[in-house]
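In: Fold the stuff below for me.
(2 chains)
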There are 2 protein chains.
Amino acid sequence: MMNVDIQNNQARITVSFIENGGVTSAKGFKASGVHAGFRANPDRKDLALVVADEPCATAAVFTQNVFCAAPVRFSKHQLEASSGNLGYGCMRVVVINSGNANAATGTHGLEVAQAEVEIVGDALGCPSGEVLVASTGVIGVELPLRPFEEGIAPAVEALSEEGGVDAAHGIMTTDTYPKQCAARCEFELTDGVTHTFTVGGMAKGSGMIMPNMATMIAVITTDAPIADIDLHSALTQATSVSFNKVTVDSDTSTNDTCILMASGAASSSGLTQQDFVKGSLAYGAFVQALSSVCIKLARDMAKDGEGATKLVTVDVIGAKNEADADLAARAVANSPLVKTAIAGRDANWGRIAAALGKSGAVFSQENVDIDIMGMPVCKKGLTQEFDEDEALRKFEDPEIKIFVDLGEGEASTTVWTCDLTHDYISINADYRS
Amino acid sequence: MMNVDIQNNQARITVSFIENGGVTSAKGFKASGVHAGFRANPDRKDLALVVADEPCATAAVFTQNVFCAAPVRFSKHQLEASSGNLGYGCMRVVVINSGNANAATGTHGLEVAQAEVEIVGDALGCPSGEVLVASTGVIGVELPLRPFEEGIAPAVEALSEEGGVDAAHGIMTTDTYPKQCAARCEFELTDGVTHTFTVGGMAKGSGMIMPNMATMIAVITTDAPIADIDLHSALTQATSVSFNKVTVDSDTSTNDTCILMASGAASSSGLTQQDFVKGSLAYGAFVQALSSVCIKLARDMAKDGEGATKLVTVDVIGAKNEADADLAARAVANSPLVKTAIAGRDANWGRIAAALGKSGAVFSQENVDIDIMGMPVCKKGLTQEFDEDEALRKFEDPEIKIFVDLGEGEASTTVWTCDLTHDYISINADYRS
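Out: Okay, here's the model as predicted:
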């Protein structure tokens, strides 16, 4: 259990991670994960359900890939039909299959998605218009309906308030472990009363991970009472500092989807949607809790990037503006040469310099400082002596930290990635077989 | 021997490749390559000289990396001192060392470059202001002067008109074979007389290869009589369709340099710099011959990319404009998932679609056609049945061809890359050791 205490000038906010928490930690949600037959291996769960007790405020962000998949187009349409807006609405169910992305499947793919929500709605006794869909897996292969038909009954049967971990298993592709996380937030408003709510979620990586949004699917739930439009603002804010700062291989998926549902069931909250309106103290507390959960899931995605042995954190400060900070950090995080050097436990900072130099960010090499694992390796653009043995020892750490000061301004950012290893090649040269 | 016959509407131009041709195929140049001691291994040449018989018109293009290395800054300064322009001037010598990039070495690196040209000028009896320098190898380590002091006499001694191949060896880093090429151009002007000239060159890759310019160093010579300013235009034109269309790993080096020298010594030419002025028929013939040589060297660089087993050609047509064609082709060529799929002999076109979709190029997925090795795998955005056995057979070819029609407009481009294999990881996780 890890606590984050934030004392801002308006309210005392405490965010505490919940051990083994996940998408069902917030009140008002059940989940399940079963093997339905999208995959050949009967030991692998491939169908996940997240179901709210009642229809609730829901927001989502999606891939910006032009070749976006049918479930992305379809879920946007569902939200639009509900609210008139592509990013939020009132929903009750998220259904996710792994093993097949339903991408590059044309109008037929949309028809499959429509049939899918009808099957799910029928099984749950809810309108098909309250079901969002997501798919992940191979591209360009028609998504079969039979596994939905056969798997939905056991999936509904298995729904429970402890089902988050099964759902997290159900959405995995090349992930080596399920990714879930939840946090409880306590905050005190000016009335002196302490209010609490919970945010929890699950996510999957682990290749084709590149902002903006990646081959990632995440479902996050909360029992805080928040209106859909405010939920969308909060989600956009939280993803901008979490999922959109992760890159495994610079490839952006056709299927990226992040869905956030708010049940309003936090019993001790005593607050209403009006209290959580954008700009309020409660909204601020929510964004902080949501960001904490998203950052934890995002770091997990990077750490479990395909073939990864190390989580790599790239901190850039001193950039002229935020766009430049982002360009610089991403260039380092995406550089195959930087990532292979880390795999080789090599503090080869020249490759970091080269990546910065091609990033497009404005700076002068004479002003650049680079640290690796706290060791200054470049000062004002010049190489610094460092102890190679100490460097090798520091590379034993599971998280490699690269710090860059561009010496140009005040903007900063953090981007997460992983090293590039033989296993990445093995996984991706052999994915379909 | 391969011939390229180009019958344009103004002149008949024949470009014939010269077997085993290289940087000394054009008249008026000598070259050499020796082991001088930048590398520990005495069997590896690490110092190359290309020397014109007389000072001659010279043009160059350099890396755009902000962290550009001392030799790049220094050579630009040499050209500027000669002509007032950073891109051309009158030069006699190019000296290149491998094993050390003299990058991120600050003002000391510039002092080393200055001392280097003085050593070389003294040994050749020419002004130091007529010497251009290039360096390639590890970044952030001071370039020692001693190997220049000790290696220059043997290098000058070894200069010969057959020395091109030794020079091509001297500039190699992780290249597995020397890259050189030359072509003879015959063309007929309106006077009915056939004129000839030769263009030849050498280049090195093979990692950190990404336009615009890459960790590449190329020296090209010609005996055509061309003024420095026209030479620079021709070089810019030729690199835009050759070296700037190669990507191995999306990393751009600190040291990229491409130098073109024109001796004017083509005895049978009977033409002057006035005949080769930009826009003339002779200039057009020169650009075609130069482009042929540059494309051959560029393809060799991609084919010999670090760890590569396949040359990959990405042709994009039907783009809205040239910028979009380039974005789309580069996104495919830079995608680690596309490149690992090719390493795995897997016609996984969904990854090509995903790369196109994130490229930023404007198109609709409903209009996209994709062929791999001539097999239609995607028509109008939809998957096409293809024979997997036939696909496997076609993947035996040393060159894998990906063809994309975006169905949006008339612009097109070609980009070259290679597959991404275990050997890339081995080479780059272990480069300094």
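
In: and A:Asp397, how many neighbours does it have?
Out: When neighbours are counted by other Cβ atoms under 10 Å in any protein chain shown, A:Asp397 registers 11. Just so you know, the C-beta spots here come from the backbone N, C-alpha and C atoms, and that holds for glycine as well.

In: Can you list phi and psi of the closest residue to it other than its chain neighbours for me?
Out: Once flanking residues are discounted, A:Asp397 sits nearest to A:Met373: 6.7 Å by Cβ to Cβ, 6 or more residues apart in numbering or on different chains. When read as degrees, to the nearest 10, the backbone of A:Met373 gives phi 50, psi 40.

In: and if you look at A:Tyr177?
Out: phi -150, psi 160.

In: Not counting its neighbours along the chain, what's nearest it?
Out: Nearest residue to A:Tyr177, sequence neighbours excluded (Cβ to Cβ, 6+ apart): A:Asp304, at 6.3 Å.

In: Against A:Leu311, how distant is that neighbour?
Out: Remark: distance between A:Asp304 and A:Leu311 (Cβ to Cβ, to the nearest Å) = 9 Å.

In: Spit out the residues that contact those two alike.
Out: Taking Cβ atoms under 8 Å, 6 or more residues apart in numbering or on different chains as the contact rule, the neighbours common to A:Asp304 and A:Leu311 are A:Cys418.

In: ok so, going back, just give me the neighbour total for the residue nearest to A:Asp397.
Out: Using other Cβ under 10 Å, A:Met373 has 19 neighbouring residues.

In: In contact with it, which residues are there?
Out: A:Met373 sits next to A:Ala347, A:Ala391, A:Lys394, A:Phe395, A:Asp397, A:Ile400, A:Lys401 when contact means Cβ under 8 Å, 6+ apart.

In: Next, see if the helix or strand encompassing the second one gets close to chain B.
Out: Counting by DSSP states H and E, the element that carries A:Ala391 is helix A:388-394. No. Using Cβ under 8 Å from any Cβ of the partner chain as the criterion, no contacts between helix A:388-394 and chain B are found, and the smallest distance is 9.6 Å.

In: Tell me the first helix or strand C-terminal of that helix.
Out: Counting by DSSP H and E, what follows helix A:388-394 is strand A:399-405.

In: could you dump that next one to CSV, C-alpha only?
Out: Only the C-alpha atoms of strand A:399-405 are listed here, as CSV (Å, rounded to 0.1, in the frame of the first residue of the first chain):
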residue,chain,number,x,y,z
GLU,A,399,13.8,1.0,-13.5
ILE,A,400,16.4,3.0,-15.6
LYS,A,401,16.1,6.8,-15.2
ILE,A,402,17.3,9.1,-17.8
PHE,A,403,17.3,12.8,-17.0
VAL,A,404,17.8,15.6,-19.5
ASP,A,405,18.0,19.3,-18.9
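
In: Are it and chain B in contact anywhere?
Out: No. Strand A:399-405 is not in contact with chain B by Cβ under 8 Å from any Cβ; minimum separation 11.6 Å.

In: Ok, stretch A:238-245 next?
Out: No. Stretch A:238-245 stays out of contact with chain B when judged by Cβ under 8 Å from any Cβ, the minimum separation being 13.4 Å.

In: And that stretch, end to end?
Out: 11 Å (Cα to Cα, to the nearest Å).

In: what is the mean pLDDT for the helix holding A:Ala391?
Out: Average pLDDT, helix A:388-394: 89.

In: Which parts of the stretch 151-300 of chain A are helices?
Out: Assigned by DSSP state H, counting those that start in this stretch, the helices in the stretch 151-300 of chain A fall at A:164-170, A:228-240, A:281-303.

In: give me the number of residues near A:Asp122?
Out: The burial count for A:Asp122: 11, using other Cβ under 10 Å.

In: now the farthest one out in chain A, which residue is it?
Out: A:Glu385 (38.4 Å; Cα atoms, centre = their mean).

In: for it, helix, strand, or coil?
Out: coil (DSSP: H, G, I helix; E, B strand; the rest coil).

In: Tell me how far it lies from chain B.
Out: Distance of A:Glu385 to chain B, given as Cβ to the nearest Cβ, to the nearest Å: 11 Å.

In: same question, A:Glu80
Out: Taken as Cβ to the nearest Cβ, the span from A:Glu80 to chain B is 19 Å.

In: same deal with A:His35?
Out: 24 Å.

In: Backbone dihedrals for that residue, both of them.
Out: phi -90, psi 120.

In: next one: A:Ala343
Out: phi -60, psi -30.

In: can you pull the buried residues of stretch A:148-161?
Out: Neighbour counts over stretch A:148-161 (16 or more other Cβ atoms under 10 Å in any protein chain shown) mark A:Phe148, A:Gly151, A:Ile152, A:Ala155, A:Val156, A:Ala158, A:Leu159 as buried.

In: and A:Asp304 and A:Leu311? which has more neighbours close in?
Out: A:Asp304 (24 against 21).

In: A:Asp326 - nearest residue in space that isn't next to it in sequence?
Out: Leaving out its chain neighbours, the residue that sits closest to A:Asp326 by Cβ to Cβ, 6+ apart is A:Thr413, at 5.4 Å.

In: In contact with A:Arg92, which residues?
Out: With the criterion set at Cβ under 8 Å, 6+ apart, A:Arg92 makes contact with A:Val51, A:Ala52, A:Glu54, A:Pro55, A:Cys56, A:Leu124, A:Cys126, A:Glu130, A:Val131.

In: can we see that at 6 Å?
Out: For A:Arg92, the contacting residues are A:Ala52, A:Pro55, A:Cys126, A:Glu130, by Cβ atoms under 6 Å, 6 or more residues apart in numbering or on different chains.

In: ok, how many other residues are close to the residue in the stretch 1-150 of chain A positioned nearest to chain B?
Out: For the stretch 1-150 of chain A, the residue closest to chain B is A:Ile139, as judged by Cβ to the nearest Cβ, at 2.5 Å. Number of residues near A:Ile139 (other Cβ under 10 Å) recorded here: 24.

In: same check, this time on A:Leu392
Out: 12.

In: For it, which non-adjacent residue is closest in space?
Out: A:Arg345 (5.9 Å).

In: The one you found and A:Asp419: what is the separation?
Out: A:Arg345 is 9 Å from A:Asp419, by Cβ to Cβ.

In: ok, these two, which is more surrounded?
Out: A:Asp419 (24 against 19).

In: Find me the pLDDT at the more buried one, would you?
Out: Reported pLDDT for A:Asp419: 88.

In: ok, now which ones touch it?
Out: A:Asp419 neighbours (Cβ under 6 Å, 6+ apart): A:Ala308, A:Thr309, A:Lys310, A:Lys339, A:Ile342, A:Ala343.

In: A:Ser25 now?
Out: A:Ile18, A:Ala182, A:Thr198, A:Gly200.

In: Might one say that the last one is in contact with A:Phe29?
Out: Looking back up the chat, that one is A:Gly200. No. Using Cβ atoms under 6 Å, A:Gly200 is not in contact with A:Phe29, being 8.3 Å away.

In: Find residues that contact each of the two.
Out: What both A:Gly200 and A:Phe29 touch, as defined by Cβ under 6 Å, 6+ apart, is the set A:Thr221.

In: Looking at those two, which one has more neighbours?
Out: Counted by other Cβ under 10 Å, A:Gly200 and A:Phe29 do not tie: A:Phe29 has more neighbours, with 29 against 26.

In: Pretty sure the more buried one sits against A:Ile220.
Out: No. Counting by Cβ under 6 Å, A:Ile220 is not a contact partner of A:Phe29; they are 10.3 Å apart.

In: for chain B, what are the nearby residues on chain A?
Out: Taking Cβ under 6 Å from any Cβ of the partner chain as the criterion, chain A approaches chain B at residues A:65-67, A:104, A:106, A:139-140, A:208, A:249, A:251-252, A:254, A:335-337, A:340, A:343-344, A:346, A:348, A:350, A:353-354, A:357-358, A:365, A:382-383, A:422, A:425, A:428-430, A:432.

In: ok, of those, which come out buried?
Out: Buried members of the residues of chain A next to chain B, scored by 16+ other Cβ under 10 Å, are A:65-67, A:104, A:139-140, A:208, A:249, A:251-252, A:254, A:335-337, A:340, A:343-344, A:346, A:348, A:350, A:353-354, A:357-358, A:365, A:382-383, A:422, A:425, A:428-429.
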